[in-house]
Each structure stands twice: as C-alpha cells, then as structure tokens.
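Asks: here is a sequence together with a model predicted from it:
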Amino acid sequence: MFDSLIRRSFLKAAAVCGLGAPLAVAGVKVPEGQLTGISSGSSDAAFRTPSFASLKSFLDSIPAIDTHDHLHPFDQLPGLVETERGRGVNLYGLWKSSYLTKIDNLAEWRDAEPFESWWTRAKEDFKNVHATGFYRYMHTSFKDLYGVDFDRISDSKAKVLDQRIFENYRDERWLFHVITDRANIELMFIDPFWARFDFRISYPFQVLVFNVTTLTRGFHASEFDGHPFDDPFVFARTQGLPPVKSLDDYLSLLDQMFTIAKKNGAACLKTTAAYERTLQFDDVPKGRATRVFGHPRSALAAADVKEFEDFIMWRLVELSAKHDLPFQIHTGDARIGGSSPMFLVNLIDANPRTKFILFHGGFPWVGETGAIVQKYPDRVWIDSVWLPTISFTLAKRAYHEWLEVLPSNRIMWGSDDYSAEGIFGETELTRRCLAEVLAEKVDRGDLPDWYARQIGKQILRDNALELFPQLQARIVKEEVGQHQVQRHGP
C-alpha cells in the first residue's frame, strides 16, 4: 500500500515538473531558460570525439539509480539561512552546504544581511579553487541549470543568481525538477545520518538506508548525548522493546532493529566509522566485550572501547547477512591513516555471506579496492560515489583500471550531496567521466560501442537493480534506450 502511494506521488510530481517546461515557483511564471538553463548535458561535448558525444547522449537518457545521498527533508535543508526576504536557500547556502568548504574557508552569512554585504566579503574566497573538483561540480550545476559561468561572474550577476536560487527554493517542486528531470535520477538512496533510527522517508524517490555507525558505541547510554534518533536505548524504549541490561540484551536489540529497519523499507546498511576510527576491526571474543558493556567511556581505556566496537562490528556484519541487507562502508578520505579498504580484508574474508560495498572507490586507494573486489567477486562491490567530484582524473583512471580487472556488474555510483544543484553537478560529472572512459576504450578498439553502452547502463542503473532486486517494485520511469545496448551484426 505504502509503495503504491509513493509511486502515485512520484508520478504526480514528475507531471508537475515536466522535462523542458518552465516551472512556476511561488505563483510566479519563470521565463523560459531561467530554471532549465542553457544546456541539458556536457557543455563542451562538441570538443570531444563522436564516440564520446554518442555515449554521453545515451548515458544521459538512462534513468539512474543513485546509491548514496544526504538530501534532508525540504524544511531541514542545510542551505537554509535567514535573509532579508525571509528564511530560504540562497547562493551562500548552496556553497556552504557543498563540499567546497572541505578545502576552502567561506565567509559566514550573517542573519538577514543584504546579499551585497556577504558577497563583498566572500567573492575573494573562490580565487584559489577554480581547478578543484569541489568547485567544478558546482560550477557545472550553475552553468547547466542557470546559464551562469561562475568563473566569470560579476557582482550584478551574482546578485541575480542569488535571487533566482531563493525563488526556486520557495517550492519543493524545484527538487523534483532538478533531481528527477534534469539529473534523470529515478531512485536515490538517502542516508539520514541526522535521524538514523527514525526510519521514515521524505521523498517518493528515496530509498531508505539504515545507518548503523553509532551502534558500535552501545556499551553505555552516555555515548549518545541526548540524540534520540542516534540512540539505540531510546529506540528500544519508544518501540516498547525489552530493556537493555546486558550485552546479550543489546545484541538482541540489534537484531530487532534490523528487522524493523527492513520492514520500513531499508535496502542496506551504512557506516561512516572511518571518520572516527581505523577500519581495522579485530575478531574480539565475547567475554572481552562483556567486561566493557555497562561502563561509561570515562571508566574505560581506549583499547577497551576499540575492542567493544570491533566486537559489535563483526556482529553487524553477521546481521547484514542474516537480514540480507548489503553493507555500505565508507572507505578512504576520512582518518587518512586508517581508512584504507585493505583494513577490511580480514572482515570480508571471514564473512562470505555478507555483501560488502566499498564506498568512494577507496580513494585514494582505488587500485587496492579493485584488487579486493577481484579477490572476492562473490561478496564485494565498488561504489564510485563522489569519486569524480573528488578528482575527475583519478576517477577516470579508476574506471579504466576496474573495468580491466573486474566484471562490469560490480561497480555502482552515487552523487553524495545535500542540495539539488550539488546532486545535479555530481551526477553530470559522473556521466561525463563514464562517457570519456568508455569512449576512449571504443576509440582504441578495446570495446564495441554496444558493449560500452551496456557497461554504462550497468553502472548507472542495472547493477543496483541486480544487487537490490526489491527496487524493481519502485521503478516508475520506462527504461530508455534498452534496444540500443543490444549487439548488432555477427
């Protein structure tokens, strides 16, 4: 029943945001081109080979399945700020909620200040980042969605862009227009790290992810510091489950949480433990974890905490297999000394029934990630999520390498962003990167065109449907270009 309602809601939204049509926002008729921009794909495709142009066009037509994002509920978007016009998303909000702030300091917004005041302080903040991926993906979005070249933006055009962004975000339909129409994303896995155990979805195209990051810290209730949607002990109380008084009780609770998450539509697990600690998880005996349970961190040594976390991680991996929920694991680009996917090999080797998904291609260890999947082709997938945004050049190298050493059904993708514009920009870079790699293989004579198309479609869509077959019931859009990937000739 719920899936049926979701599908009807999605179709209604898609009808409102018809492809190519100007969108009326907040009762205002927007001139043609203001929301849809000046291009529908790569703006420099004319400078590439015919193979690239053909493949890029084909990949653009694929209704993609995005396996990782952080799109908050519309009234909780990270880009919301207080402006002279009221609360809304503006140019500052988009940049602040983008990944540019990982490498660049951006002048802060002051509540209700005039745009010109912020822009005077902020415009010089962009001077050293124009070549970076964390800038280029947003540049792509502004150019394709708004017709604005941010590299050459003037003060007056910046103000107009700010106004247009604010007007677009008055209406939730802007998200549908950009994500489901312009980016051509049919389903999107959204990791709700801000409310991990709420188990509700905010958008009809959303696929729920069960974020289990905090569960390894369940040795004491004080670990959760009053965050109810991160706290398994609060979850147990609100769900009317038995109180947790021992490690065995806690393990029983974890099993019940998996059951409830899956019942509410969760398709997979996700952990971002690599931001907090090493990915080296040892197989710790239960007795050691039992001695830790029930004690606050202040009464424990760091080694005690790690042993408990390691023990629980192994149990989560076992529950992943029991409940048939593939396990997405953030690898690379976190605590750089401990986030290599190579640290997970012992865990992967000992759990043949668990389906592991290594995020971000293990950046910067993309070769090592390919080697792991080659060693364990029955249980490990690569998710290239975010990789073309981090480094387009490295992503091209990674796709080339992976396609040489792995079956093509082991690679997926995701955009991993917080705004419609960010999701669009990251999606466009991924399609462009794949098109370049596949075109190079075609032009070298390494692949026939029809097979290159098949690979592109697998990465953008089919591999997710294969790994998560329950998504078939959520499919709304008719698959585009299916006949174009069939082999022709002898």
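Replies: Ah, there it is.

Asks: so where is the stretch 201-350 of the chain shaky, pLDDT-wise?
Replies: The stretch 201-350 of the chain contains no residues with pLDDT under 70.

Asks: strands of that one, start to end?
Replies: Secondary structure of the stretch 201-350 of the chain (DSSP state E, counting those that start in this stretch): strands located at 206-211, 268-271, 327-329.

Asks: what lines up beside the first one in the sheet?
Replies: Pairing partners of strand 206-211, with direction, according to DSSP bridges: strand 185-190 (parallel), strand 268-271 (parallel).

Asks: just the buried residues of the last one, please?
Replies: Buried residues in strand 268-271, counted by 16 or more other C-beta atoms under 10 Å: 268-271. Every C-beta, even on glycine, is put in place using the N, C-alpha and C of the backbone.

Asks: for the nearest residue to Pro78 once chain neighbours are set aside, what are its contacts?
Replies: Leaving aside its sequence neighbours, Pro78 sits nearest to Ser97 (C-beta to C-beta, 6 or more residues apart in numbering; 4.0 Å). Listed by C-beta atoms under 8 Å, 6 or more residues apart in numbering, the contact set of Ser97 reads 77-79, 418-419, 422.

Asks: again, only using 7 Å
Replies: Shown in contact with Ser97 (C-beta atoms under 7 Å, 6 or more residues apart in numbering): 78-79, 418-419.

Asks: by neighbours, which of those wins?
Replies: Ser419 (27 neighbours; other C-beta atoms under 10 Å).

Asks: let me see the contact set for that one.
Replies: 77, 79, 94, 97.

Asks: go on, Leu406?
Replies: 370, 373-374.

Asks: what would those residues look like in a markdown table with distance to Leu347 and pLDDT?
Replies: Conversion of the contacts of Leu406 to a markdown table gives the following (distance: C-beta to C-beta, whole Å; pLDDT from 0 to 100):
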| residue | distance to Leu347 | pLDDT |
| --- | --- | --- |
| Gly370 | 18 | 98 |
| Val373 | 15 | 98 |
| Gln374 | 17 | 97 |
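
Asks: weed out the non-buried ones from these.
Replies: Here, 16+ other C-beta under 10 Å leaves 370, 373 buried among those.

Asks: for Trp109, helix, strand, or coil?
Replies: Three-state assignment for Trp109 (DSSP: H, G, I helix; E, B strand; the rest coil): coil.

Asks: go ahead and confirm it touches Val89.
Replies: No. Trp109 is beyond contact range of Val89, at 11.3 Å (criterion: C-beta atoms under 7 Å).

Asks: distance of Val317 relative to Phe327?
Replies: Here the distance between Val317 and Phe327 works out to 6 Å (C-beta to C-beta, to the nearest Å).

Asks: shared neighbours of the two, anything?
Replies: Common neighbours of Val317 and Phe327, using C-beta under 7 Å, 6+ apart, are Thr354.

Asks: about what we covered before: Arg474: which of the strands of the stretch 201-350 of the chain is closest?
Replies: Nearest of those to Arg474, taken as C-beta to C-beta: strand 206-211 at 7.4 Å.

Asks: more neighbours, Trp109 and Val89?
Replies: Taking neighbours as other C-beta under 10 Å, Trp109 and Val89 compare with Val89 leading, 25 against 21.

Asks: that one pairs with what?
Replies: Here Val89 sits in beta bridges with Leu80, going by DSSP bridges.

Asks: which residues does it contact?
Replies: Contacts of Val89 (C-beta under 7 Å, 6+ apart): 77, 79-80, 165-166, 169.

Asks: which of these tops the neighbour count?
Replies: Counting by other C-beta under 10 Å, top hit in those: Tyr169 with 25 neighbours.

Asks: which residues in the stretch 101-250 of the chain form helices?
Replies: In the stretch 101-250 of the chain, the helices defined using DSSP state H, counting those that start in this stretch lie at 115-122, 133-146, 155-168, 173-176, 232-238, 247-263.

Asks: domain-wise, how is the protein divided?
Replies: The record's domain split for the chain, according to automatic domain parsing, is 2-48+79-180, 183-483.

Asks: out of those, which is closest to Pro63?
Replies: domain 183-483 (4.0 Å).

Asks: most packed of the helices of the stretch 101-250 of the chain?
Replies: The highest mean neighbour count among the helices of the stretch 101-250 of the chain, using mean count of other C-beta atoms under 10 Å, belongs to helix 133-146: a mean of 23.
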